[in-house]
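A.B. asks: my questions concern the predicted model and sequence given below.
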Amino acid sequence: MNGKFLVIGAKKAGTTYVHEQLRTLSEIFVPPLKETHFLLPFDLDRKKTLYGEFLEKQYNCESQYDKQFLKSYFLDNSTKSVEKYEEILSSGSNLFGECDPELMLLDKKWIQQLKEINFKIVCILRNPVDRFFLM
Amino acid sequence: MHSQKSSRSFFSHVKMITQADIDPNKVIADKFGELKHQIHHSLYHIVINAWKSVYGEDILFVDQKELRVDLLTTINKIVSYISSDQLDNVYQDQLISHDINVGSSYSMHPDIKIPLESFFAKDLDFFHSLLKR
């Protein structure tokens, strides 16, 4: 079973909820830490935040994929590329992806490269006006 | 009377910020930055078009309402799409059920709603057209 995917979408549209549901399915790997921001310009800030959360909340990271993900993600200092992103996200599993609303604002050059390596895209939306009552 | 109360409340807020030794300029800048970011997220006709210009019709669009109304069917739709039908159906007992953020219990005042709908007119059209497919 193979496949890679990204769940993008508007903020406050339910991507966290989908992340939680997909985490319960053993055949699919999504990282224990939501929203890596790996391809985004503010990825280093995110990494620091996630590391703090990881230490504080003691995430349940028992599976081999979780452990591999944490090792690759926190120790990675390489130049950004979609191939590296794919490697970190997969952590050895065959069906993997992540859910991150910020990816909706991704630079087009990254979108093109993600398409080239066959990432599937799910986009969760919410009425754009209704969203403003949730800010 | 109402506006007087609102004014007092506003100035009390500024006073509180000042007394707490928080730079009001920073608070305003942060709020403005967040607002700008939120607006950017709602400009569907721009941000989603960037994805569509590369992926064409090959994107699964899901309305957040679907998650609220029928979680199991919606998750199955997503799982089927991302696994190219390789995965069996997900069952109810595999899902985590808790209240999804359903939004404010207040309805939006027309003085706010009408200008917002006007500002996001293209995005609303785009949103409805994407989810009709």
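C.D. replies: Received, thanks.

A.B. asks: which residues touch residue A:127?
C.D. replies: Listed by Cβ atoms under 8 Å, 6 or more residues apart in numbering or on different chains, the contact partners of residue A:127 are B:124, B:127. Using the backbone N, CA and C atoms, a C-beta is placed for each residue, glycine as well.

A.B. asks: check which helix or strand it maps to.
C.D. replies: For residue A:127, there is no host helix or strand (DSSP states H and E).

A.B. asks: quick one: it from residue B:86, how far?
C.D. replies: As defined by Cβ to Cβ, to the nearest Å, residue A:127 lies at a distance of 33 Å from residue B:86.

A.B. asks: now do residue B:119
C.D. replies: For residue B:119 relative to residue B:86 (Cβ to Cβ), the value is 43 Å.

A.B. asks: show me the residue at the heart of chain A, geometrically.
C.D. replies: Centroid-nearest residue in chain A, with Cα atoms, centre = their mean: residue A:98, separated by 3.1 Å.

A.B. asks: that one pairs with what?
C.D. replies: Following DSSP bridges, residue A:98 is listed with bridge partners residue A:6.

A.B. asks: which ones are touching residue B:52?
C.D. replies: Residue B:52 makes contacts with residue B:59, as judged by Cβ under 8 Å, 6+ apart.

A.B. asks: in what helix or strand does it lie?
C.D. replies: Element membership for residue B:52 (DSSP H and E) is helix B:44-55.

A.B. asks: residue B:61 too?
C.D. replies: strand B:59-63.

A.B. asks: and that strand, which strands flank it?
C.D. replies: strand A:120-125 (parallel).

A.B. asks: burial of the closest residue in space to residue A:104 that isn't next to it in sequence, as a residue count?
C.D. replies: With sequence-adjacent residues excluded and distances taken as Cβ to Cβ, 6 or more residues apart in numbering or on different chains, residue A:104 is closest to residue A:8, at 4.6 Å. Using other Cβ atoms under 10 Å in any protein chain shown, residue A:8 has 26 other residues around it.

A.B. asks: what residues are up against residue A:8?
C.D. replies: Per Cβ under 8 Å, 6+ apart, neighbours of residue A:8: A:15, A:99-101, A:103-104, A:106, A:121-124, B:51.

A.B. asks: and it, that's in a strand?
C.D. replies: Yes - under DSSP: H, G, I helix; E, B strand; the rest coil, residue A:8 falls within a strand.

A.B. asks: can I get the CA coordinates of the helix or strand of chain A with the lowest mean pLDDT in PDB?
C.D. replies: Across the helices and strands of chain A, mean confidence by mean pLDDT, DSSP states H and E is lowest for helix A:43-57: a mean of 83. Extracted in PDB, the C-alpha atoms of helix A:43-57 (Å, rounded to 0.1, in the frame of the first residue of the first chain):
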ATOM      1  CA  ASP A  43       9.800  26.300   9.900                       C
ATOM      2  CA  LEU A  44      12.600  26.900  12.500                       C
ATOM      3  CA  ASP A  45      10.200  28.800  14.800                       C
ATOM      4  CA  ARG A  46       7.800  25.900  14.500                       C
ATOM      5  CA  LYS A  47      10.400  23.400  15.200                       C
ATOM      6  CA  LYS A  48      11.300  25.100  18.400                       C
ATOM      7  CA  THR A  49       7.700  25.300  19.500                       C
ATOM      8  CA  LEU A  50       7.100  21.700  18.700                       C
ATOM      9  CA  TYR A  51      10.200  20.600  20.600                       C
ATOM     10  CA  GLY A  52       8.900  22.600  23.600                       C
ATOM     11  CA  GLU A  53       5.500  20.900  23.300                       C
ATOM     12  CA  PHE A  54       7.100  17.500  22.900                       C
ATOM     13  CA  LEU A  55       9.100  17.900  26.100                       C
ATOM     14  CA  GLU A  56       6.100  19.400  28.000                       C
ATOM     15  CA  LYS A  57       3.300  17.200  26.900                       C
END
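
A.B. asks: that one close to chain B?
C.D. replies: No - using Cβ under 8 Å from any Cβ of the partner chain, helix A:43-57 stays clear of chain B, coming no nearer than 13.7 Å.

A.B. asks: OK, contacts around the residue nearest to residue B:71 when sequence neighbours are not counted?
C.D. replies: Spatial nearest neighbour of residue B:71, excluding adjacent residues (Cβ to Cβ, 6+ apart): residue B:95 at 6.2 Å. Neighbouring residues of residue B:95 by Cβ under 8 Å, 6+ apart: A:21, A:24, B:71-72, B:75.

A.B. asks: good, we can wrap up now.
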